[in-house]
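Q: curious how this folds, go ahead:
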Amino acid sequence: MKLFWKLYSLLFYLIVLSNALQILNPNSIVGVYYNTTIVFSNWFIIPYFLNIFNGLINCIVFIIIVTYAFDIKALPQAPAWLFYVRILSDCTGHSYDMKMVESGFAQGIIFGFIALALLILPVLPSYFLQWHITYKKS
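A: Sure thing, here's the model as predicted:
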């Protein structure tokens, strides 16, 4: 099972790196989306910062996944509040992705569910692992 988590840590690293590069690069599709919305109203800077915050939370979760996959005992156990902050962050920090899901549903219900699955399924194992690590019985 540890082999799965080692491979998944690589996948999660690529997800986190991709998000960071997209949000920090003003010429990426996500960067253009946020810069364009901010031009229309300064209030749209809030979803931009929520996306950055989500990226920071995912960096912490990546460290948790790596410490579990490679049996690193140097770090303390993940705090319980981090799990709930991550859920809130994932619900609020994906403005661009949610617009893609909405556009999928506008094309048809099956496209909407495919877009939603592509958003949720890659990070779902990290939630299971974080829950297990945070609430495991010692």
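Q: ok, and what's touching the longest helix anywhere in the chain?
A: Taking DSSP state H as the criterion, the chain has its longest helix at helix 45-69. With contacts defined as C-beta atoms under 8 Å, 6 or more residues apart in numbering, helix 45-69 is touched by 2, 5-6, 8-9, 12-13, 15-16, 19-20, 23, 30, 34, 37-38, 72-75, 78, 82, 85-86, 89-90, 92-96, 126, 129-130, 133. Using the backbone N, CA and C atoms, a C-beta is placed for each residue, glycine as well.
Q: what do you get for stretch 94-109?
A: Identification of contacts with stretch 94-109 by C-beta under 8 Å, 6+ apart yields 29-30, 33-34, 47-48, 50-51, 54, 111-116, 119.
Q: of the residues you listed, just the buried ones, PyMOL syntax please.
A: Those of those that count as buried under 16 or more other C-beta atoms under 10 Å are selected in PyMOL with:
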select buried, resi 30+33+34+47+48+50+51+54+112+115+116+119
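Q: between which two of the contacts of stretch 94-109 is the distance greatest?
A: The distance between the two most remote of the contacts of stretch 94-109 (C-beta to C-beta) is 27.1 Å, for 48 and 113.
Q: who does the helix or strand hosting residue 12 touch, helix- and strand-wise?
A: Residue 12 belongs to helix 2-24 when assigned by DSSP states H and E. Contacting helix 2-24 under the criterion 3 or more C-beta pairs under 8 Å, 6 or more residues apart in numbering; DSSP states H and E are the following elements: helix 29-40, helix 45-69, helix 124-135.
Q: okay, the ones you listed, which one's buried deepest?
A: Highest mean neighbour count of the helices and strands packed on helix 2-24: helix 45-69, a mean of 18 (counted as mean count of other C-beta atoms under 10 Å).
Q: mean confidence (pLDDT) on that helix, please.
A: The average pLDDT for helix 45-69 rounds to 95.
Q: chain center to the helix or strand following that helix: distance?
A: Using DSSP H and E, the next helix or strand after helix 45-69 towards the C-terminus is helix 80-92. Between the centre of helix 80-92 and the centre of its chain there are 10 Å (C-alpha atoms, centre = their mean, to the nearest Å).
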